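**Student:** Below are the sequence and a predicted model for it; my questions follow.
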Amino acid sequence: KYRDNARFHYVVARHFLGTGNFREAFDFFEKVELKQGPLKGRDGLRDSAYYHQYGVACERTGRPGLAEKQFEQSVEMDAKNAETLNYLAYMWAERAANLDKAFEYVQRALDEEPANPAFLDTLGGIYFKQGKLDPALEHIGKAHDAMPDEAVISDHMGDIHKARKEDGKAVDRWKESLVADPESESVAKKLRDHGLDIDKLRDEARAAKRARDATLKAAPEN
């Protein structure tokens, strides 16, 4: 009988979301919606966090329109939900859509967490899509300083350097991104387009990643 309970489906949805099984997570969020009806009530179950998580499941399964609705509902219930504000701003920036609103949302996120590198990366991405390369590099550079091993941030820095016609710096950042994520097809293509041997680079990147992971594993815990 508990399987007819919306809270049970929500717990299972969160489990799948946490393990990266986004299709299964979405299916269980849909079961919650069927049990309670869409966008109804503030019943202690479907709060701002619920709509954020549901939005992530929607976005990661290729439903951006439905994801936006969930994220907007999350923000409506908690206007200072920085994670949701940034997630939605990043979605828009990636599609070069709603850039003015994206800028507003990420600024609100940064009001809550001014040094968050993910938020700085989003702001830089918005500037990049607006063709404002100097502030784009400034903010993504700050994100990179905070998280030098983050593949997405290094990739974004490479894109900005490429747009500034700084191909050498662009290739360096893309190589750095490949070390962090050797399986990235989009970064591999950018490096291949610049005449680099991707098979060799990937072998080196995988070796570097294994060495880094081993170092982290061997490091004593504080």
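**Tutor:** Looks like it arrived, so ask away.
**Student:** Tell me, please, the helix or strand in the protein that averages the lowest pLDDT.
**Tutor:** When the helices and strands of the chain are scored by mean pLDDT, DSSP states H and E, helix 198-218 comes last with a mean of 84.
**Student:** Only alpha carbons, please: show the helix or strand harbouring Ala13 as PDB.
**Tutor:** Ala13 belongs to helix 6-18 when assigned by DSSP states H and E. In PDB, the C-alpha atoms belonging to helix 6-18 read as follows (Å, rounded to 0.1, in the frame of the first residue of the first chain):
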ATOM      1  CA  ALA A   6       3.400  10.100  -3.000                       C
ATOM      2  CA  ARG A   7       6.100  10.500  -0.300                       C
ATOM      3  CA  PHE A   8       7.400   7.000  -1.200                       C
ATOM      4  CA  HIS A   9       7.700   7.900  -4.800                       C
ATOM      5  CA  TYR A  10       9.500  11.100  -3.900                       C
ATOM      6  CA  VAL A  11      12.100   9.200  -1.800                       C
ATOM      7  CA  VAL A  12      12.700   6.800  -4.700                       C
ATOM      8  CA  ALA A  13      12.900   9.700  -7.200                       C
ATOM      9  CA  ARG A  14      15.600  11.400  -5.000                       C
ATOM     10  CA  HIS A  15      17.500   8.200  -4.800                       C
ATOM     11  CA  PHE A  16      17.600   7.800  -8.600                       C
ATOM     12  CA  LEU A  17      18.500  11.500  -8.900                       C
ATOM     13  CA  GLY A  18      21.400  11.100  -6.500                       C
END
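**Student:** Next secondary structure after it?
**Tutor:** helix 22-36.
**Student:** List the contacts of stretch 59-79.
**Tutor:** Contacts with stretch 59-79, where a contact means Cβ atoms under 8 Å, 6 or more residues apart in numbering, come from 22-23, 26, 39, 42, 47-52, 54-56, 58, 81, 84-85, 87-88, 91, 95, 105, 108. Any C-beta I mention is one placed from the backbone N, CA and C, and that applies to glycine too.
**Student:** which residues sit in contact with the nearest residue to Ala180 once chain neighbours are set aside?
**Tutor:** Nearest residue to Ala180 in three dimensions, chain neighbours excluded: Ala151, at 3.7 Å (Cβ to Cβ, 6 or more residues apart in numbering). Going by Cβ under 8 Å, 6+ apart, Ala151 touches Ser177, Leu178, Ala180, Asp181, Ser184, Val187.
**Student:** would you list these in a markdown table and tack on secondary structure and distance to Leu133?
**Tutor:** Shown next, in a markdown table, are the contacts of Ala151 (DSSP: H, G, I helix; E, B strand; the rest coil; distance: Cβ to Cβ, whole Å):
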| residue | secondary structure | distance to Leu133 |
| --- | --- | --- |
| Ser177 | helix | 19 |
| Leu178 | helix | 23 |
| Ala180 | helix | 23 |
| Asp181 | coil | 24 |
| Ser184 | coil | 23 |
| Val187 | helix | 20 |
